[in-house]
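Colleague: One predicted model, sequence on top.
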Amino acid sequence: MHYHHYHENWKRGTFDFPLKLYHITSTHPRYVMVLHWHIEFELIRVLKGDFIMNLNEEEIHVTEGTSLLLLPGTLHSGTPIDCTYECIVFDMDILINKNDSTGKLVQTLKTMNLLLITFSLKKTPKCNE
């Protein structure tokens, strides 16, 4: 496989705020996520349905309510199944302030040798329930 052929090199947001949010439904022209990679982090959140992700040639099944944090350089694609999902593609450096502990955390994340970080947010009951 020619990894460099799949490089998605798009400008996201502005110089001061290099972030782009994509809200994807079945009517979106890029509903099926084509194989690509980029130098930014990507946060993917499945709002409804299921999403079959291919991450560096490994397939995972992502269910409603689950989020993935993809590290830069991760070769990925996705096939939605009756799915609505959101993607935020961003440069992690926007979170770095040279004088705070957040910068240290971000630098640690940037150097981790992980394919992805997943997490699920459970709905919390309302106070009256």
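Modeller: Perfect, thanks for sending it.
Colleague: Could you use CA atoms for every contact and neighbour count after this?
Modeller: Will do.
Colleague: and the closest residue to Leu19 other than its chain neighbours, how many residues sit next to it?
Modeller: Leaving out its chain neighbours, the residue that sits closest to Leu19 by CA to CA, 6 or more residues apart in numbering is Phe90, at 4.4 Å. Counted with other CA atoms under 10 Å, residues neighbouring Phe90 total 22.
Colleague: Give the residue spans of this structure that score low on pLDDT.
Modeller: 1-4, 6, 9-10, 12-13, 15-17, 95-129 (pLDDT under 70).
Colleague: That one: helices as residue ranges?
Modeller: For the chain, applying DSSP state H gives helices covering 101-111.
Colleague: quick one, strands of it?
Modeller: 19-24, 33-36, 41-55, 58-63, 66-70, 76-90, 116-120 (DSSP state E).
Colleague: Next, format the ones you listed as TSV and append distance to Lys11.
Modeller: Formatted as TSV, the strands of the chain follow (distance: least, CA to CA, whole Å):
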stretch	distance to Lys11
strand 19-24	9
strand 33-36	15
strand 41-55	14
strand 58-63	27
strand 66-70	18
strand 76-90	10
strand 116-120	23
